[in-house]
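Trainee: based on what follows, work out the 3D shape:
(one chain, ligands or ions: 1)
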Amino acid sequence: MVTRNSHSSHDALSVLRKDHQSIDQLFRRFERSRGSAERRRIAARIVRELSVHAAIEEELFYPALRRRADGAADRVLVALEEHHLAKLELAELEGLDGSDERFAAKVGVLADNVRHHVQEEERELFALARRTLSSEELALLGDALVRARETAPTRPHPSAPDEPPGNALANVGAAAFDRGRDVLGRGLARVIDRSRGVVEQALRRGEVVAREARQRIGRGLERAGREVRPDAR
Ligand SMILES: [Fe+2]
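Mentor: Now for the predicted structure:
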């Protein structure tokens, strides 16, 4: 029998609000911190918490709203774009040394963007959720969010799909990759990161090859068209 924890903190909106609060606390700790090692440590936690939080919202909360609430789609699409930008910033942050002169500025801009996103999300999307989902549904969704957190990716993947059905599958692979990397020593983690770069390079190369092939086919068709209709320009 499936039982659910009846504790009110598992209401979906409380779960998400708690995440928002702990992320904001991390930003505040960063703002108070001194020294590159401490800043690097706090930033690593920000990367982890935000990556997990974005993944569970995209997998469960946003799709539930789109399915149930009229007029939710536009707001959810904006939220997804804001997540996408945050992931790009997080990915850059991961590669930056704590002593880099851009480090604090990058975290500062990320904090501004995330605070703006959270404010709108709590004002608009939470209100929509309260209007369209029953308290039992919000409680079940809350339980699902808590469970999903255990297996969510812990690092940003800005080019991975962020909507169902693609993200559910992509998150499984990304989470396995991230969680494997999380437990490795620094040396091995660097090797893994290099191989991630190789994969991304291959994907980019693949894209260029595909574009060139499309252009060649286009030129071929144009030529063939001129041969069939010699008067065609
Ligand atoms: Fe969000």
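
Trainee: R131: how many residues sit nearby?
Mentor: R131: 9 surrounding residues under other C-beta atoms under 10 Å. Bear in mind the C-beta positions are built from the backbone N, C-alpha and C, glycine included.

Trainee: then T154?
Mentor: Neighbours of T154 (other C-beta under 10 Å): 17.

Trainee: for E137, same thing?
Mentor: Neighbours of E137 (other C-beta under 10 Å): 14.

Trainee: what sits against it?
Mentor: A64 (C-beta atoms under 8 Å, 6 or more residues apart in numbering).

Trainee: next: Y62.
Mentor: V76, A79, L80, E163.

Trainee: enumerate the residues of the protein near the ion.
Mentor: By the rule C-beta under 5 Å from the ion, the part of the chain lying against the ion is E57, E121.

Trainee: rewinding a little: by neighbours, which of the contacts of Y62 wins?
Mentor: Busiest of the contacts of Y62 [other C-beta under 10 Å] is A79, holding 23 neighbours.

Trainee: got the end-to-end distance for stretch 121-138?
Mentor: Using C-alpha to C-alpha, to the nearest Å, the end-to-end distance of stretch 121-138 comes to 16 Å.

Trainee: quick one: buried residues of that stretch?
Mentor: Of the residues in stretch 121-138, E121, L125, F126, L128, A129, T132, L133, L138 count as buried by neighbour count, 16 or more other C-beta atoms under 10 Å.

Trainee: name the SS class of the fifth one, please.
Mentor: For A129, the assignment made with DSSP: H, G, I helix; E, B strand; the rest coil gives helix.

Trainee: out of the buried residues of stretch 121-138, the closest to the ion would be?
Mentor: E121 (4.9 Å; C-beta to the ion).
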